[in-house]
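Participant: Fold the following.
(2 chains)
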Amino acid sequence: MPPSALEGIRVLDLSQGIAGPYCAKLLADYGATVVKVEPPEGEPSRQTGPFPQDIPHPEKSGLFLSLNTNKKGVTLDLETATGADLLRSLVEVADVVVESFLPGYLASLGLGYEDLSAANPALVMTSVTYFGQDGPYRDWQGCDLVAWALGGLMHVTGEAGREPLKAGGTQAEFIAGLHATVATMGAIYFQEATGQGRHVDVSAVESVASLTEAAALTYSYSGHVRGRDGARHHYAYPSTILPCRDGHIFVHSGGDWEGFCTFLEAPALRDPRYPGARGLADEIDALMLPFLQRHTAEELFHSAQLWRIPFSLVQDVGEVMADPQYRERGFFVDIKHPQAGELTYPGAPLQMPQSPWRAGRAPLLGEHNAEVYGEWLGLEAGDVVRLRQSGAI
Amino acid sequence: MRQAPSTGSPSETSESAAAARTGQGLEGVRILDLTQVYAGPYATRLLADLGAEVLRIEAPMRAGHGPVGRLPAGLDIMYPQREPGEQPYNRFAYYNELNRNKMAMSLDLSTETGRGVFRRLVAVSDVVMENFSPRVMPNFGLDYPELRKLRPDLLMVSLPALGLTGPYRDYVAYGTGLEGMVGLATMTGYPNGPPLKTGIAYGDPVGGLHAAFGTLAALRHRRLTGQGQHIEVALRESLTMTMGQAIMDYAMNGRVGRRQGNRHEAWVPHGAYPCQGEDEWVAIAVRSDSEWRSLRQAMGDPEWARDDRFAGALGRHQHQAEIDEHLGRWTRGFDHYGLMRRLQDAGVPAAAVLNIREMATDPHYVARGFFRSVEHRAAGGAHLYPGVPWKMGQTPGAVRRPPPDFGEHNRWALAELLGLPEAEVSELERRGVTATVPAA
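Facilitator: A predicted model of the protein is given here:
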């Protein structure tokens, strides 16, 4: 087995929910030793579904299971003096802390970046929050919806004249987690070269705002304020979702307009005004629809691809998981868990042949208390029992 | 780690010199960026923001710099003052926003001479990133086994849409279509309405983010082991990661998520509600009974909200249409910014649904210095760019350099990086292997 890319990096994952845990999961799945530090009652996402048969169980949350793969689990009550001391001791022998508390919370416990970097000057501490560590909205309440709205993607998602929409799932959380991962890796690379630590401040709002696809410069150039227009792309056209005989199909003209017109059996599209004409989208749609409505999505997808026209299917999650491309590539993986059983998970987001992704399960609550407190801090088994009895872990 | 070469990169600002002193992390890492449009350029933008030296390699004849020839209807908005001008390829917002902090040369890889120059560049670089369809690099004779002969510890990063293997390997897909291929589009939209997309080519930046992570992880691995490798980021697979909850629900319960507008499976109310002005909305999320009580207080506890049926989460879920209607009637009396403040002051998660003009002047964005004014001669002055999407201690998160003009760094790459004599540099341009004006 070749060495993992992030072997030897020790990460304390204090984060909860989705963004921070996804960041720490990526580090864990590519080889870092990640210890998930949970309050004694478990982190809140253990109470969040989906659950098998919809029966809540702290070891069976699909959200928790999928976002905490390959992590070790310890419990620690940061609000006790003993717990805070234990965290400082862990930080002394760790490289990275990932956290997602409201700004100021850790500092109020004597566990802010200033405190922890005093314990370990080389520490990389990544704080991923909705609004960031400073600024007038710093202490506000956030969630996926709020970040999507303030980050500017909500205003451009949905139909003109109707209410703006968030995307399905919890996209702002993942976007924040991804930016946190990239920044954390940059800080680790710097840390390993210089021995210097960093406090990395990632806000979900700004992460979403980074994805507005040239909206800022377009506005700055021409004053154009982008709005909503259904499934249509804001400038490349045709690029949209349209109905076909048995559902919907994503339509894109690709690079060969002549071939596109031929494929669609729509000679009227051969008007020189049409290629790329976002401003004429209604006319273009009307000319494409007759052909689309004569064919099924599968027919359209595969036949368009033979012409090298980039149509895409519009699949539900069940269809995605049965898709032949994924099957052949082995993207989805089955992972066993002592309480939740064997389930199918999304696998490797990227392939690194010399330092491969690894499959692993999420930890049980406090599963690695003895191992981590013993091996990292040199505590005896009796000490760990006493800590448990005192409520610190 | 390889030492930073003494490149004398042109047109660095004094801010950049400060950044080099404090270090963003990737100083001395050179990336040859063959990527096009959005996914790859977003990845290299992130890496450039971390201090890497990114040199874009662009074809001299077909630029990713906006439309060539006739301007399609509706695209004038992408140019300064809506004027493509004499150098439209240097004034295209889409390209420019994604490629700040990078350098660019034009190089015709379809000629043997161009490929020869590219090979010499590979020998002095750390990373090659590309998002062509899977056939292109092998057809050029520039696949990973060939390139690593020139530099044994090279990292190559490929971003195919659907994967370098599998039955769809030769299928083409763009970031806009990938939302359909991962289940996201079927979960985005109004109840009973058609599947929709986010307002952007969402699969691209999500793939780019994963590619930037993979590059960094592989750089770290290379520092430990001395080994390079070929990293593959299938955009569709990386986007699928964001569907984790829905995938687990299907795996556990065979249930398929559907479009439900802005509604949340457990939290009510949860949505966008109309405000006073035209197309002004406030997003409100109530995650608990205590936040519901806070919302009631913020509204002045109107009679409808005192209804016992709404006091608990289950009751609110059962009666959400009724709650939405009442709430929407109340929000209409306020401007979205004022209402956001009022609700947040009461401890209720709320946000004005901001458009880009509002974001640019929003006090929080301004206080954190997110948007950056960058001077760019070809665009006729300074314009607003999204800044670096994180803050790191003392290091300035600034934009160090404007987007490159077409072929701006040809001479730097050829003469300074490769040390080619002036006669050879001119000859390459004369033969069209490089260019400073894209051939139509």
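Participant: use CA for all of it now, contacts and neighbours both
Facilitator: OK.
Participant: Pull up the per-residue confidence for B:Ala440.
Facilitator: pLDDT for B:Ala440: 69.
Participant: Sorry, wrong one. I was asking about B:Ala63.
Facilitator: So, for B:Ala63, pLDDT stands at 66.
Participant: ditto for A:Pro39
Facilitator: 97.
Participant: Run a quick check on it versus A:Leu76, I expect a contact.
Facilitator: Yes: counting by Cα atoms under 8 Å, A:Pro39 does reach A:Leu76; the two are 5.2 Å apart.
Participant: Spell out which residues are contacts of both of those two.
Facilitator: Counting by Cα atoms under 8 Å, 6 or more residues apart in numbering or on different chains, the contacts common to A:Pro39 and A:Leu76 are A:Ile393.
Participant: Of the two, which one has the most company?
Facilitator: Using other Cα atoms under 10 Å in any protein chain shown, the more surrounded residue of A:Pro39 and A:Leu76 is A:Leu76, with 27 against 20.
Participant: and B:Leu50, what does it touch?
Facilitator: A:183, A:186, B:24-27.
Participant: for B:Asn101, same thing?
Facilitator: For B:Asn101, counting by Cα under 8 Å, 6+ apart, the contacting residues are B:45, B:48-49, B:54, B:399-403.
Participant: Setting the sequence-adjacent residues aside, check what's closest to it.
Facilitator: Nearest residue to B:Asn101, sequence neighbours excluded (Cα to Cα, 6 or more residues apart in numbering or on different chains): B:Arg401, at 4.7 Å.
Participant: quick one: buried residues of the top helix by length along chain A?
Facilitator: Counting residues, the longest helix in chain A under DSSP state H turns out to be helix A:171-194. Using 16 or more other Cα atoms under 10 Å in any protein chain shown as the test for burial, helix A:171-194 gives A:171-192.
Participant: Quick check: phi and psi on A:Cys244?
Facilitator: phi -130, psi -170 (degrees, to the nearest 10).
Participant: no, scratch that, I was asking about A:Asp29
Facilitator: The phi/psi pair for A:Asp29 (degrees, to the nearest 10) is phi -70, psi -20.
Participant: for the one 10 residues further on, same thing?
Facilitator: When read as degrees, to the nearest 10, the backbone of A:Pro39 gives phi -60, psi 160.
Participant: swap in B:Ala351?
Facilitator: Torsion angles, degrees, to the nearest 10, at B:Ala351: phi -150, psi 140.
Participant: That one: neighbour count?
Facilitator: 30.
Participant: Can you name the residues bridging to it?
Facilitator: When bridges are called by DSSP bridges, B:Ala351 pairs up with B:Ala283.
Participant: circling back to that earlier point, does the residue nearest to B:Asn101 sit in a helix, a strand or a coil?
Facilitator: Three-state call for B:Arg401 (DSSP: H, G, I helix; E, B strand; the rest coil): coil.
Participant: Please determine how far it is located from B:Ala379.
Facilitator: 14 Å (Cα to Cα, to the nearest Å).
Participant: With B:Glu58 instead?
Facilitator: Taking Cα to Cα, one finds B:Glu58 at 20 Å from B:Ala379.
Participant: Fine by me, we can end here.
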